[in-house]
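> Need coordinates for the below:
(2 chains)
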Amino acid sequence: MSSDDIDTSVVTTELIDADLELVEASQAGDDEAFDAFALRYTDRLYNVVYRFLGQHEDAQDVVQETFVRAYRNLDSFEGKSKFYTWLYSIATNLARNALRDRGRKGRDQGVSLENLQDIAPNVAQVAIQTNTRPDTLAAGNELAETLQTCIETLPKQNRMIFVLRTVDGLKYDEIAAVLDCPRGTVKSRLNQARVLLRDALQAQGLV
Amino acid sequence: MSDTTQCAAIREEFSALLDGELTADEQAQIDEHLLECSECLRSLDTMKKVMGIYADLPHIQSPEDLLDGVHEELADNSIEFERSAKASQPVSYRPVLIAAATLAMMAGASYIAVNGLESNVEMAAAPEAAIQADTVTIEDSSKSEAELLREEAEFWQAEEATPKKRYKPTMKELRQLHADALKNSAPPTGNAQEKAMTNDAKMKDMADMVTETEIGLTSEIIEYRKQLKEKVYNAYTIRDDGLWIEKGYSDQTVIPLTPGTDEYVTMLYNKEYLPYLTRHTRDIIFTYENKWYRIAHIGPLIADAVLGDPHPNSRKEPTDPPPQP
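Alright, predicted model coming up:
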């Protein structure tokens, strides 16, 4: 099976093996192999980071920086972990840093569950207020905007776990490896995140 | 365990239950509870709906130029010029091998002297004296030391003021250069037995290997390179195993450059700095049978050949247009 035939939407043994081949080729100096690897994960990482940060520009910066750092540190990857885990670790750390930096700059004070009602009392209003996201609004996808806004109400530690699971479909063990935390932590925080989202969506009358 | 406490414990497992992350025993325990607890069953149903809603979250296409940004970032920051010269001392340089190697590759130079590892490049009048003393000497009778120092200071001020003023190869160029290099990246093989190849035909073939049509080379740099090449040929003899011998001086260690390493990757940029840096450096980056190598700590013969600065404009600053505001 060629690497073109591999389903890259989910992590499989085949994908991991194919990753390893590309990584080894990249370590040997094959930049095209690195490009192929990067292409394989660009969309996935972008979606994860965007859902975590809620801004396309920041998401693009983070994903680009992720690949830059991965490229520069290829030699330090010794194969003790799966490469995508290593890559996701870089991305999630950068994303959390970006969120922290954004908060410091006052660009994003976060959205709390308490003020969500004030900010977005209903879906229609969300669509109006989130006019900064023309891509989804153009498609008339107000619901997606509301869902994204609700994600951004989550505490950071819950948010990343929720995004890795929901957007990227990683298993609990994989998330634990990426975030370097116990599996039990992943499990409990993910449940907390979903409970918070349930409350937020109920407040919007969506469930 | 009270019903309320038990329900709370059960509901904490809902998320994992719906994700299929519970063991069979854990799942059976929950199933048993749900048979008797309609509240928890409703709660589970709501959680399912929440997860179903988020499962339909639209996939977002990443920007098409995202990876171009990665390549640009790698290109932009691949060169770090380091300066250690102090105005109160003779011109002294920290290693700038990577930068110089970059110049070598981008300029397409077959033999280029670069890098002054831990060495001071001092002003003096006579190259011959420098050879005898095994030191490197720059002769530039047209300019005083103070003038040269001032020029250097101005150069670095301009460099620091516009750190992005560098040549950015397109991805097509970058990939082609890497692909070409990869095809011929094996290091030199064979033992160290000397098999001197001094015949002129071989030398001429090597001289012709480098074409004059590399991307963006100016006629000035091409001319500079020709002069430099001739001088290097006169000073070195190459052997079959890739080892070079400086004629009448000593053996030199040849270090193959490995594609993909930082040193190699950064060889791809900044051709503009070639004349400036080669004037002050003491390693040689060269091609031999389409592979790239480095010779560290070159001897005075080569140093003299290079540092003689055959190119009158070697101190010119790069001529890239200023970045758009």
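> who are the neighbours in contact with A:Phe77?
By C-beta atoms under 8 Å, 6 or more residues apart in numbering or on different chains, the residues touching A:Phe77 are A:Val23, A:Gln27, A:Phe83, A:Trp86. Every C-beta, even on glycine, is put in place using the N, C-alpha and C of the backbone.
> can you tell me how far it sits from chain B?
13 Å (C-beta to the nearest C-beta, to the nearest Å).
> try A:Arg69
In this view, A:Arg69 and chain B are 10 Å apart by C-beta to the nearest C-beta.
> Report how many residues lie close to that residue.
When neighbours are defined as other C-beta atoms under 10 Å in any protein chain shown, A:Arg69 has 16 of them.
> try B:Gly52
11.
> And the closest residue to A:Ser188 other than its chain neighbours, what's its pLDDT?
For A:Ser188, ignoring the flanking residues on the chain, the nearest one in space by C-beta to C-beta, 6 or more residues apart in numbering or on different chains is B:Glu12 at 6.9 Å. Looking at B:Glu12, its pLDDT is 93.
> Kindly report the same for B:Ile284.
The model reports B:Ile284 with a pLDDT of 56.
> Would you point out the most distant pair within the contacts of A:Phe77?
Farthest pair in the contacts of A:Phe77 (C-beta to C-beta) is A:Gln27 and A:Trp86. Separation: 12.6 Å.
> higher neighbour count, these two?
Per other C-beta under 10 Å, whichever of A:Gln27 and A:Trp86 has more neighbours is A:Trp86, with 21 against 17.
> in what helix or strand does the more buried one lie?
Using DSSP states H and E, the element containing A:Trp86 is helix A:83-104.
> Just want the phi and psi numbers for the residue nearest to A:Ser188.
phi -70, psi -20 (degrees, to the nearest 10).
> Then A:Lys171?
phi -80, psi 170.
> nearest residue to it other than its sequence neighbours?
For A:Lys171, ignoring the flanking residues on the chain, the nearest one in space by C-beta to C-beta, 6+ apart is B:Glu21 at 7.1 Å.
> Tell me the secondary structure of that neighbour, please.
Here B:Glu21 is coil, with the state taken from DSSP: H, G, I helix; E, B strand; the rest coil.
> again with A:Ser81
When classified by three-state DSSP, A:Ser81 comes out as coil.
> ok, it - contacts?
A:Ser81 makes contacts with A:Ala177, as judged by C-beta under 8 Å, 6+ apart.
> ok, back up a step: also near chain B: which of the contacts of A:Phe77, exactly?
A:Gln27 (C-beta under 8 Å from any C-beta of the partner chain).
> so where's the stretch 1-150 of chain B shaky on pLDDT?
Regions of the stretch 1-150 of chain B meeting the criterion pLDDT under 70 cover residues B:1-3, B:76-150.
> Could you pick out the residues of it near chain A for me?
Going by C-beta under 8 Å from any C-beta, the residues of the stretch 1-150 of chain B near chain A are B:12-16, B:19, B:21, B:46-47, B:49-51, B:53-55, B:57-63, B:66-67, B:69-70, B:73-74.
> tell me which element the residue nearest the centre of chain A is part of?
Closest to where the C-alpha atoms of chain A average out (C-alpha atoms, centre = their mean) is A:Val48, at 1.7 Å. Element membership of A:Val48, judged by DSSP H and E, is helix A:31-53.
> buried ones in that helix?
Buried residues in helix A:31-53, counted by 16 or more other C-beta atoms under 10 Å in any protein chain shown: A:31, A:33-38, A:40-53.
> what's the distance between A:Leu196 and A:Val23?
37 Å (C-beta to C-beta, to the nearest Å).
> what about the helices in chain A?
Applying DSSP state H to chain A gives helices spanning A:13-27, A:31-53, A:56-72, A:83-104, A:113-119, A:123-129, A:134-138, A:142-151, A:156-166, A:172-179, A:183-203.
> Serialize these to a markdown table and add fields for mean pLDDT.
Below are the helices of chain A laid out as a markdown table (pLDDT from 0 to 100):
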| stretch | mean pLDDT |
| --- | --- |
| helix A:13-27 | 72 |
| helix A:31-53 | 89 |
| helix A:56-72 | 90 |
| helix A:83-104 | 86 |
| helix A:113-119 | 46 |
| helix A:123-129 | 45 |
| helix A:134-138 | 41 |
| helix A:142-151 | 86 |
| helix A:156-166 | 94 |
| helix A:172-179 | 92 |
| helix A:183-203 | 93 |
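> Columns distance to B:Ser38 on top of these, output as CSV?
Output for the helices of chain A, formatted as CSV (distance: least, C-beta to C-beta, whole Å):
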stretch, distance to B:Ser38
helix A:13-27, 42
helix A:31-53, 34
helix A:56-72, 42
helix A:83-104, 39
helix A:113-119, 27
helix A:123-129, 30
helix A:134-138, 38
helix A:142-151, 27
helix A:156-166, 27
helix A:172-179, 29
helix A:183-203, 18
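> So which elements touch the helix holding A:Trp86?
Here helix A:83-104 touches helix A:13-27, helix A:31-53, helix A:56-72, helix A:156-166, helix A:172-179, going by 3 or more C-beta pairs under 8 Å, 6 or more residues apart in numbering or on different chains; DSSP states H and E.
> now the ones you listed as JSON lines including distance to A:Ile90?
Formatted as JSON lines, those follow (distance: least, C-beta to C-beta, whole Å):
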{"stretch": "helix A:13-27", "distance to A:Ile90": "14"}
{"stretch": "helix A:31-53", "distance to A:Ile90": "9"}
{"stretch": "helix A:56-72", "distance to A:Ile90": "5"}
{"stretch": "helix A:156-166", "distance to A:Ile90": "13"}
{"stretch": "helix A:172-179", "distance to A:Ile90": "10"}
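> What is the neighbour count of the residue nearest to A:Lys171?
19.
> and what of A:Val207?
A:Val207 has 18 neighbouring residues, counting by other C-beta under 10 Å.
> Could you do B:Glu32 as well?
11.
> Mind telling me which residue of chain A is nearest chain B?
The nearest approach of chain A to chain B comes at A:Gly29, 2.3 Å away (C-beta to the nearest C-beta).
> where's that residue relative to A:Gln64, distance?
Between A:Gly29 and A:Gln64 the distance is 22 Å, computed by C-beta to C-beta.
> neighbour-wise, which of those two wins?
A:Gln64 (26 against 20).
> Now that one: closest residue in space that isn't a chain neighbour?
Per C-beta to C-beta, 6+ apart, closest to A:Gln64 is B:Gly69, 4.5 Å.
> Alright, that wraps it up for me.
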